[in-house]
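> Whatever this is, show me its structure:
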Amino acid sequence: MFRVMLVEDDVRLAELVTEYLSGYEFAVHVVSRGDTALAAFAEIAPHVVVLDLMLPGMDGMVVCRQMRAISQVPILILTAREDSYDEVSGLEQGADDFLNKPVQPRVLLARLRALLRRANVQQADNHPLVFGDLTITRAERSVTWRGQLCVLSNTEYKLLLVLASAAGHVLSRDALLKKMRGIEFDGLDRSIDNSISKLRRRFDDATSEKIKTVWGEGYLFSPSAWG
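The predicted structure is shown next:
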């Protein structure tokens, strides 16, 4: 998955973007203040940044300039202005692209993919995902649990990998189905729920602490509950 750092203080917009991009190959990390963005940037190490301009704590243009001073990661600026001022200023500060609000998620997705292709960013690190006693080795498509190789079906492995790759973030059934099978949730398909139940049994998660149900939203892989 690609890591997206979304610097946006509009909670509803951040939720919309996160929900939409999580249905594809993106794990979204939201930062709501400009003055904390640089520290978060170092911690998240995103593949691409989506940056609002009107932010509390620090102006988005300043944030853009600071990020560009230390990294060449692609930066897409969000602007509410209809004239060219923000576009010109943003490009001068080092931004790679800009998008006017209100944001159309499908257009944002296409722009992000284009930026990543242009920057030749390779999808997802291939190093193992490790959470306590659980290790997922993507290069070998293997899962180790408490020191023992765990044999999973193809569906179970893909679901576990999708959840673990977005650890700490809620994924809806729709997002999970899109990532795994490229289809949308029709409100009736229970395959995700059934596979979640199987994973919980395999990993001694009777209390649903490792893979949590967030009612009305979806499922969350808890990174701190695996040992």
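> Is Val73 in a helix, a strand, or coil?
Following DSSP: H, G, I helix; E, B strand; the rest coil, we place Val73 in the coil state.
> Identify the residues contacting the helix or strand harbouring Ala27?
According to DSSP states H and E, Ala27 maps onto strand 26-31. Strand 26-31 is contacted by residues 1-8, 14, 17-18, 21-22, 37, 40, 44, 46, 112, 165-166, 169 when judged by CB atoms under 8 Å, 6 or more residues apart in numbering. C-beta here means a position set from N, CA and C on the backbone, and glycine is covered the same way.
> buried sites along the top helix by length along the chain?
Criterion DSSP state H: the longest helix present in the chain is helix 105-118. By neighbour count on 16 or more other CB atoms under 10 Å, the buried set for helix 105-118 is Leu108, Leu109, Arg111, Leu112, Leu115, Leu116.
> before we move on, what about stretch 12-32?
Applying 16+ other CB under 10 Å to stretch 12-32 flags 13-14, 16-32 as buried.
> ends of that stretch, how far apart?
12 Å (CA to CA, to the nearest Å).
> Run the chain-centre distance for that stretch.
6 Å (CA atoms, centre = their mean, to the nearest Å).
> Kindly report the same for stretch 104-123.
That offset, for stretch 104-123, works out to 13 Å (CA atoms, centre = their mean).
> I would like the residues contacting that stretch, please.
Against stretch 104-123 from outside (CB under 8 Å, 6+ apart): 1-2, 4, 16-17, 20-21, 24-26, 47-48, 50, 72-74, 76, 96-97, 99.
> I'd like to know which of the residues you listed are part of helices.
Per DSSP H, the subset of the contacts of stretch 104-123 in helices is Leu16, Val17, Tyr20, Leu21.
> Between these, which sits nearest Met54?
Nearest to Met54 among the ones in helices among the contacts of stretch 104-123 is Val17, at 15.9 Å by CB to CB.
> Relative to Arg68, how far out is the closest one?
Shown here: Val17 relative to Arg68, a distance of 22 Å by CB to CB, to the nearest Å.
> So in terms of bridging, what pairs with the spatially most central residue of the chain?
Nearest residue to the geometric centre of the chain (CA atoms, centre = their mean): Ala27, 1.1 Å. Taking DSSP bridges, one finds Arg3 as the beta-bridge partners of Ala27.
> thinking again about what came up before, the following helix or strand past the strand holding Ala27 versus strand 26-31: what angle between them?
Going down the chain from strand 26-31, the next helix or strand is helix 37-44, by DSSP H and E. Angle, helix 37-44 to strand 26-31, by axes from the mean of the first three to the mean of the last three CA atoms, to 10 degrees: 140 degrees.
> Tell me the buried residues in helix 37-44?
Neighbour-count burial for helix 37-44 [16+ other CB under 10 Å]: Ala37, Leu38, Ala40, Phe41, Ile44.
> what packs against it?
strand 2-7, strand 26-31, helix 60-70 (3 or more CB pairs under 8 Å, 6 or more residues apart in numbering; DSSP states H and E).
> so what secondary structure elements neighbour the last one?
Using 3+ CB pairs under 8 Å, 6+ apart as the contact definition, the elements that helix 60-70 packs against are helix 37-44, strand 48-52, strand 75-79, helix 85-93.
> I'd like the average pLDDT over stretch 59-69.
The predicted model assigns stretch 59-69 a mean pLDDT of 91.
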